[in-house]
Structure formats: structure tokens, C-alpha cells
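Participant: Below are the sequence and a predicted model; questions follow.
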Amino acid sequence: MKIIKKILWLLLLVFVIAQFFGPEKNEGDIATIDAFLAETNPPEDVKLILKESCYDCHSDVTRYPWYSYITPVNYWMADHVKHGSKHFNVSNWENNSVKRKDHKFEELIELVSDKEMPLPSYTWMHSEANLTEAQREAVLSWAEEVRFKYSLAPRPE
């Protein structure tokens, strides 16, 4: 029994010390999204959907809830944000070619249609990010319009 008590005290100590360390936060400037919004011109309802359901993982502007300051949750969240922004980051939108932008919207349409985005692990804690069918259709309609615009844009050989 003494050994179990010592192990529990040691684990508690490690947990407390771990709280002083954490991953780097993704707290960029909201202005980094402006180029994406200007180019893709989402309607107001879609802008709100993007803000509530997408930007935390797919931009350099992440809102961090209280539980994101607890180790090991903060490392798990940092990995999600890093992975999400690696695949689709609206803060770096102007640095992408038209071909890449079109491809990203193709993926967006596929993932939203298949209800793979937003991730269930995200919507579990952020119920406001759950998309209704009407919201899903609004996002898909806008994304199709953007893809059509990109299909008309000249592409370098």
C-alpha cells in the first residue's frame, strides 16, 4: 500500500510540474483572414459559420478555451490545430496558387458533404460548431461558387 501511495504522489507531482510547460499557442492577428474573405467573398451567414466552425483549426487565429491550458489537453489541441492548418490555412491564402486554392475548395466540399468536417472531437466541446443541414448547404453552395470562379481564372503553364 505504501508503494501505491508513493506512486500516486509522484504522478501528482509530475502532473503539477507539467502544467508549467505547454506547446506554443496559435494566436495570430484576425487581419490575416482578410485576404481569404476578400477573395472568396462568403455571404454573412457563411462568414459566421467559418468563424464558429473552421477558423480555430484552419487559420492562425485560434480561440483557446479554459481547458486548453491543462496539460496534456493542450498538446492534443496543439496537434489538432497544427494538423488542420497544415492542410487548409486561410491565414496564408494569398500564398497559394489558383490550382491549390481550387484543390483546397474541392477538399472542403468533399469533407463538408461527407460530414467529416468539423471534426466530431471539435464539435463535442464546441456545440455551436455543429452544422445544421441548412448551414452545410450554405457552405457547399458558396464553395461551389468559389470553385467556379477559380475554374475561370488563368493558370500558369
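Facilitator: Perfect, thanks for sending it.

Participant: residue closest to the middle of this protein?
Facilitator: residue 57 (1.7 Å; CA atoms, centre = their mean).

Participant: Quick check: it touching residue 84?
Facilitator: Yes. The pair residue 57 and residue 84 passes the contact test of CB atoms under 8 Å, sitting 3.1 Å apart. Just so you know, the C-beta spots here come from the backbone N, C-alpha and C atoms, and that holds for glycine as well.

Participant: remind me, longest helix of the protein?
Facilitator: helix 133-152 (DSSP state H).

Participant: Go through that helix and flag the buried ones.
Facilitator: The neighbour-count check on helix 133-152 (16 or more other CB atoms under 10 Å) flags 135, 138-139, 142-143, 146-147, 149-150 as buried.

Participant: Need phi/psi at residue 19.
Facilitator: phi -70, psi -20 (degrees, to the nearest 10).

Participant: what residues are up against it?
Facilitator: Taking CB atoms under 8 Å, 6 or more residues apart in numbering, we find residue 19 in contact with 69-71.

Participant: Out of those residues, grab the one that's most surrounded.
Facilitator: residue 71 (17 neighbours; other CB atoms under 10 Å).

Participant: and the longest helix of the chain, what other elements does it pack with?
Facilitator: The criterion is 3 or more CB pairs under 8 Å, 6 or more residues apart in numbering; DSSP states H and E, and the helices and strands that helix 133-152 contacts are helix 44-53, helix 98-113.

Participant: mean confidence for it?
Facilitator: For helix 133-152, mean pLDDT is 93.

Participant: Just want the angle from it to helix 44-53.
Facilitator: Angle, helix 133-152 to helix 44-53, by axes from the mean of the first three to the mean of the last three CA atoms, to 10 degrees: 100 degrees.

Participant: what does helix 133-152 contact?
Facilitator: 40, 42-43, 45-46, 49-50, 98, 101-102, 105-106, 108-109, 112-113, 115, 131.

Participant: what's the angle from it to helix 98-113?
Facilitator: Using the same axes, to 10 degrees: helix 133-152 against helix 98-113 is 160 degrees.

Participant: where does the protein dip in pLDDT?
Facilitator: Within the chain, the stretches with pLDDT under 70 are 26, 155-157.

Participant: How far off centre is stretch 47-55?
Facilitator: Offset of stretch 47-55 from its chain centre (CA atoms, centre = their mean, to the nearest Å): 9 Å.
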